[in-house]
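Chemist: sequence and computational prediction follow.
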Amino acid sequence: MAIDSNKLKALESAIKQIDKAFGKGMLVRLGDKQVEKIDSISTGSLGVDLALGIGGVPKGRIIEIYGPESSGKTTLSLQIIAECQKAGGVCAFIDAEHALDVYYARNLGVDIENLLVSQPDNGEQALEILETITRSGAVDLVVIDSVAALTPKAEIDGDMGDQHVGLQARLMSHALRKITSVLYKMNTTLIFINQIRMKIGMMGYGSPETTTGGNALKFYASVRLDIRKIATLKQNDSIIGNRAKVKVVKNKVAPPFREAEFDIMFGEGISREGEIIDYGVKLDIIDKSGAWLSYGDKKIGQGRENAKVFLKENKDIANEIANKIKEQIGTSDEIMPLPDEPEDEEINANEKEIATAEKAPKETSKDSTKESKKGK
């Protein structure tokens, strides 16, 4: 059905007024403007890139990475910085926790000589620095570690024990309102690392966990990644790393709720070779016969660790297998299968015991409720 000509004239007049007041292009028809593909920055993890649906974290958007302590939040963020720098990007790290390990960052591939680092005194200072470098248009990626450490100046200047209810949440909400449009215009990606807390007095159903800094970040973030440690990697009797699982709990640029698993090796970071083996075996790109792994007519190693060494030394073969995995899984139309857990990893029994102990009181309370109803 055709649009009324009087409405079209009024609309054209309104668009001209908007262009004159705010600049050309502030209001356009999607049919008149070519919709561009969303650019991304690789995470350094093959599985996470595929789970995100566009090959990495989107540019010009806000990303939140959260999880328990020692789950791999900072490691994943540093890997993203390393990948961004490899592509010629300028990166900044706002270290609100004052805990950046420069030597570990270098081992992960971060060019520390060209990494911009700030260790602010308070939350307001950190967010002012963020706004200034973003408005410059010269920075491609900014990481803030962490939201929990963005302490408001009033809290720092106050006495121990003073109550500052909702102060940090208001600070975050105000900052996000100001910075979101600037990030989009400057095509700068902002990553917030966040911690989790337990909800006090949580009863009934639902997760007892929540993130710090209020609810604003949950709404403004285009992507939210929940990262957890699920296993401990051992070689002989020595612990050599952890296995982590990432769940995409929110995704505005591709289908959400996909998951990925990868190895984090101590002192090295995410094992790309381990992911290539896991997904390659799952998709029958790599053949597994007993302990031997082979690609085509070439044996790549006896056992997973030996195969990882082979792929690390033969980058061309590793890249060839990785490209085949990407082609077979696709990026946004298919649900990505999780690889089977490697046999030579041991799950930390303590974590399972803790999870079982946390569930036990809830089951007891339900049983007691049922018994009281029967009595009535």
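Modeler: Sure thing, it's come through. Numbering: from 1, shown residues only.
Chemist: tell me who's in contact with I191.
Modeler: Contacts for I191 were tallied using C-beta atoms under 8 Å, 6 or more residues apart in numbering; they are V57, I63, E64, I65, S77, I80, L141, V142, V143, I144. (Each C-beta comes from the backbone N, C-alpha and C, glycine too.)
Chemist: so for it, what's the pLDDT?
Modeler: Predicted confidence (pLDDT) for I191: 98.
Chemist: most neighbours, which of the contacts of I191?
Modeler: V57 (29 neighbours; other C-beta atoms under 10 Å).
Chemist: outline the domain layout of this structure.
Modeler: Annotated domains of the chain cover 37-154+167-267, 273-337 [the TED database].
Chemist: tell me how far the shortest one lies from the chain's centre.
Modeler: Per C-alpha atoms, centre = their mean, to the nearest Å, the displacement of domain 273-337 from the mean C-alpha position of its chain is 24 Å.
Chemist: over to the first one?
Modeler: What separates the centre of domain 37-154+167-267 from the centre of its chain is 6 Å, taken as C-alpha atoms, centre = their mean.
Chemist: what residues does the helix or strand in which E64 is found touch?
Modeler: Counting by DSSP states H and E, the element that carries E64 is strand 62-66. For strand 62-66, the surrounding residues in contact (C-beta under 8 Å, 6+ apart) are 57, 73, 76-77, 176, 180, 183, 189-196, 211, 217-218, 220-227.
Chemist: what sits up against the following helix or strand past that strand?
Modeler: The helix or strand immediately downstream of strand 62-66 is helix 73-86, counting by DSSP H and E. Residues outside helix 73-86 that contact it (C-beta under 8 Å, 6+ apart) are 41-45, 48, 56-57, 65-67, 91, 93, 104-105, 108-111, 114-115, 140-141, 143, 145-146, 189, 191, 193-194, 225, 227, 246, 264, 269-270.
Chemist: tell me where the stretch 201-350 of the chain has strands.
Modeler: 209-211, 223-235, 238-251, 259-265, 269-270, 287-289, 292-295, 298-302 (DSSP state E, counting those that start in this stretch).
Chemist: out of those strands, which comes closest to Q168?
Modeler: Closest of these to Q168 is strand 209-211, at 11.7 Å (criterion: C-beta to C-beta).
Chemist: just checking: what are the partner strands of that closest one?
Modeler: strand 196-198 (antiparallel) (DSSP bridges).
Chemist: show residues contacting the partner strand.
Modeler: Strand 196-198 has contacts (C-beta under 8 Å, 6+ apart) with Y66, G67, P68, P208, E209, T210, T211, T212.
Chemist: about what we covered before: the strand holding E64 to strand 238-251, inter-axis angle?
Modeler: Using axes from the mean of the first three to the mean of the last three C-alpha atoms, to 10 degrees, the inter-axis angle of strand 62-66 relative to strand 238-251 is 140 degrees.
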